[in-house]
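[1] Coordinates only, no sequence provided:
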């Protein structure tokens, strides 16, 4: 997201400019009984210090799979990373030896998940699980690790942390469990935090608390945040930049203000028109027709063309820009904005 | 042609629009908490629903919002007679459902249908779509003569936007949105007066969610249906509802037209709820007042005395702990259950 991050003011940091994490042309396939599933098809983005990048997409758009590939937690097989590089601080994680990858996970990049209950071990106390980060990566003693765990629980605003450190995950509410997971993720002061649908399972009032916490932590530590979500509202309120994914590709990216204010891709436009508003009753919703694509047979040309109201086929299409035949590359449409549509200028109205 | 299309053409001959179809009075459902294996004894009650009053008029949509655990799904189950209320009345066209005999109850169950949240769990995987849609007719044989059932099924499928040729397919061959349409066709098959929609779009992606919301609106216009629309997504509820009731911990805290509740919320909980919803319009970001609630929802097994919300309320005073506020209009133009009700615009309007 180097093109757009220039416009985002960001002051504090731990020195060093340029992206901390750089994903280049990542492709992931799954081999299944019913054929090859192309989950991620050439995704590139960068995350700088203190930046919040939102990866927005519906189910099956490849947003979570790309994050799992970065963390090195994809089940391989059935998954297979067929190409791409994941550069963290200048090193390619995909070719690095396992031991080096392990050292990055935790202090370098860490991740929180949607479902906190199934991501925590039910038979260990939360204090033990948070402290495990220090024991495994820094060789801290058990006693010391528990002390650090209490400090972290305080930091993620779990009330009465000292009393609750020996409690088990099932004794916490959904929002508190999510805080426990955040505490584990930030324990080693990572440079990048990947949050995969961190608030999807939570009620709105709790969602607001957790998003506030994440923002505050980011301000304090200057970590880069990759926020994976399907919720346009969360993206709007939290992120600096957004990449919209469809069928394993990024179809549009730019600053949140630009992308949401005036979409350059018909899919983004369709998403904006299909959600009801809170602030007004609004008229009839304008849904995107059809169904999301089947990833084992992605439509030819632009993957969105069967559902696109602005597609141009046959004689309507310009040479080399036939929506059902030519794959539109992700290109710079206006300064600070990229879109993968042959006719982005028309969508934008420029 | 069948009655389905006839009904669409001619308005129902029944009583004038706006007639009260369903009236819920002081509805309660307490689930016993038991201890012991052989000699079970009751040690307490979970007050899932504790005194709910609602009215539903013909042709209108009543929205019911609240966070998880507030009792909204239990209300829906009691309304379709899947759960027996602990106390209270459900008056359908003047008759108390809780006192109905078998014959009257059978008729009631035909006229009040339900659509469930999870389209993956609510359809029998071993039945074809045609069998699922037509199953109700084996109980209510008078609605569809045995001979024309296949044709009727296919008409229904077409009406909800499914390909009628897929009548012999199984649920797993459909996507989430399509499965929800199967559930809607199943409910429509019995020509109901009321459809209780229990989180019908929460499991769907936004682009598909809009399709289903529009379908529900069209069906309401065509068949003169009344909806009780239960959801946790405040934007969707505002979009589809004529009137909205907000639930917290087993009781309704505020009720009014969609404009009353959303633009001049009087109960602190409604205000906090509205303030927590992230808006997706960039120009509205930051304009909304931020009300962050502390802590979690108390357990319904041991609810706070007096006002249920007082433990998290910034307005709470001594009276709130001793006296439960009634759901009445305190000068805001619509009823709210707060001693210190005060209309307030939380979400900015354009």
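    Cool, got the structure. The structure displayed is predicted, hence computed values, not measured ones.
[2] hmm, the helix or strand containing residue A:162 touching chain B?
    Element membership for residue A:162 (DSSP states H and E) is helix A:161-164. No. Contact of helix A:161-164 with chain B is not found when judged by CB under 8 Å from any CB of the partner chain; the minimum separation is 13.0 Å. C-betas here are computed from N, CA, C, even on glycine.
[3] just checking, what packs against that helix?
    Judged by 3 or more CB pairs under 8 Å, 6 or more residues apart in numbering or on different chains; DSSP states H and E, helix A:161-164 is in contact with helix A:142-155.
[4] Kindly calculate the angle that the helix or strand that comes right after the helix holding residue A:162 makes with helix A:142-155.
    As assigned by DSSP H and E, the chain's next helix or strand after helix A:161-164 is helix A:174-186. Between helix A:174-186 and helix A:142-155, the angle comes out at 120 degrees (axes from the mean of the first three to the mean of the last three CA atoms, to 10 degrees).
[5] List the buried residues of helix A:174-186.
    By neighbour count on 16 or more other CB atoms under 10 Å in any protein chain shown, the buried set for helix A:174-186 is A:174-186.
[6] what do you get for stretch A:211-221?
    Using 16+ other CB under 10 Å as the test for burial, stretch A:211-221 gives A:211, A:213, A:214, A:217, A:218, A:221.
[7] Then stretch A:343-350?
    For stretch A:343-350, the neighbour count (16+ other CB under 10 Å) marks A:343, A:344, A:347, A:348 as buried.
[8] do the same with stretch B:303-319
    Across stretch B:303-319, burial judged by 16+ other CB under 10 Å covers B:303, B:304, B:306, B:307, B:308, B:309, B:310, B:311, B:312, B:313, B:315, B:316.
[9] Find the nearest non-adjacent residue to residue B:111, please.
    Nearest residue to residue B:111 in three dimensions, chain neighbours excluded: residue B:193, at 4.6 Å (CB to CB, 6 or more residues apart in numbering or on different chains).
[10] State the distance from that neighbour to chain A.
    Note on residue B:193: its distance to chain A, by CB to the nearest CB, to the nearest Å, is 24 Å.
[11] For residue A:203, see how far away that residue is.
    For residue B:193, the distance to residue A:203 equals 32 Å [CB to CB, to the nearest Å].
[12] try residue B:155
    Per CB to CB, residue B:155 is found 40 Å from residue A:203.
[13] So what's the residue count around whichever residue of the stretch 251-350 of chain B sits closest to chain A?
    Closest to chain A within the stretch 251-350 of chain B is residue B:278: 3.1 Å, counting by CB to the nearest CB. Using other CB atoms under 10 Å in any protein chain shown, residue B:278 has 21 neighbouring residues.
[14] my guess is it is in a strand, correct?
    No. Read with DSSP: H, G, I helix; E, B strand; the rest coil, residue B:278 is coil and lies in no strand.
[15] Get me the contact residues on the stretch 1-150 of chain A for chain B.
    A:58, A:59.
[16] please redo it, this time with the cut-off set to 10 Å
    Residues of the stretch 1-150 of chain A lying close to chain B (CB under 10 Å from any CB of the partner chain) are A:57, A:58, A:59, A:60, A:61.
[17] Could you verify that residue A:20 is part of a helix?
    No. With three-state DSSP as the criterion, residue A:20 is located in strand rather than a helix.
[18] picking that back up, residue B:155 and residue A:203: which is more packed in?
    Taking neighbours as other CB under 10 Å, residue B:155 and residue A:203 compare with residue A:203 leading, 23 against 16.
[19] mind listing what the more buried one touches?
    A:173-175, A:209, B:66-70, B:232, B:273, B:276, B:293, B:296-297 (CB atoms under 10 Å, 6 or more residues apart in numbering or on different chains).
[20] Just give me the closest of the residues you listed to residue B:111.
    Distances from residue B:111 to those, taken as CB to CB, are shortest for residue B:66 (25.7 Å).
[21] Secondary structure element holding the residue nearest to the closest one when sequence neighbours are not counted?
    Excluding the flanking residues, the one nearest residue B:66 by CB to CB, 6+ apart is residue B:247, at 3.5 Å. Here residue B:247 sits within strand B:243-248, counting by DSSP H and E.
[22] Against which helices or strands is that strand packed?
    Strand B:243-248 is packed against strand B:41-57, strand B:61-65, helix B:72-79, strand B:226-231, helix B:234-240, strand B:251-257, helix B:258-263, helix B:268-276, with contacts defined by 3 or more CB pairs under 10 Å, 6 or more residues apart in numbering or on different chains; DSSP states H and E.
[23] I'd like these written out as TSV, with distance to residue A:70 added.
    Compiled in TSV, the helices and strands packed on strand B:243-248 are given as follows (distance: least, CB to CB, whole Å):
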stretch	distance to residue A:70
strand B:41-57	42
strand B:61-65	37
helix B:72-79	37
strand B:226-231	34
helix B:234-240	32
strand B:251-257	44
helix B:258-263	40
helix B:268-276	30
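[24] For the top helix by length along chain A, which helices and strands make contact with it?
    The longest helix of chain A (DSSP state H) is helix A:204-221. Secondary-structure packing of helix A:204-221 (3+ CB pairs under 10 Å, 6+ apart): strand A:52-56, helix A:142-155, helix A:174-186, strand A:192-196, strand A:224-229, helix A:232-238, helix B:268-276.
[25] which stretch among the ones you listed comes nearest residue B:262?
    helix B:268-276 (6.7 Å).
[26] what's the next secondary structure element after that closest one?
    Following helix B:268-276 toward the C-terminus (DSSP H and E): helix B:318-322.
[27] That following helix - contacts with which helices or strands?
    Helices and strands touching helix B:318-322, by 3+ CB pairs under 10 Å, 6+ apart: there are none.
[28] Now do residue A:144 against residue A:166, distance only.
    Remark: distance between residue A:144 and residue A:166 (CB to CB) = 16 Å.
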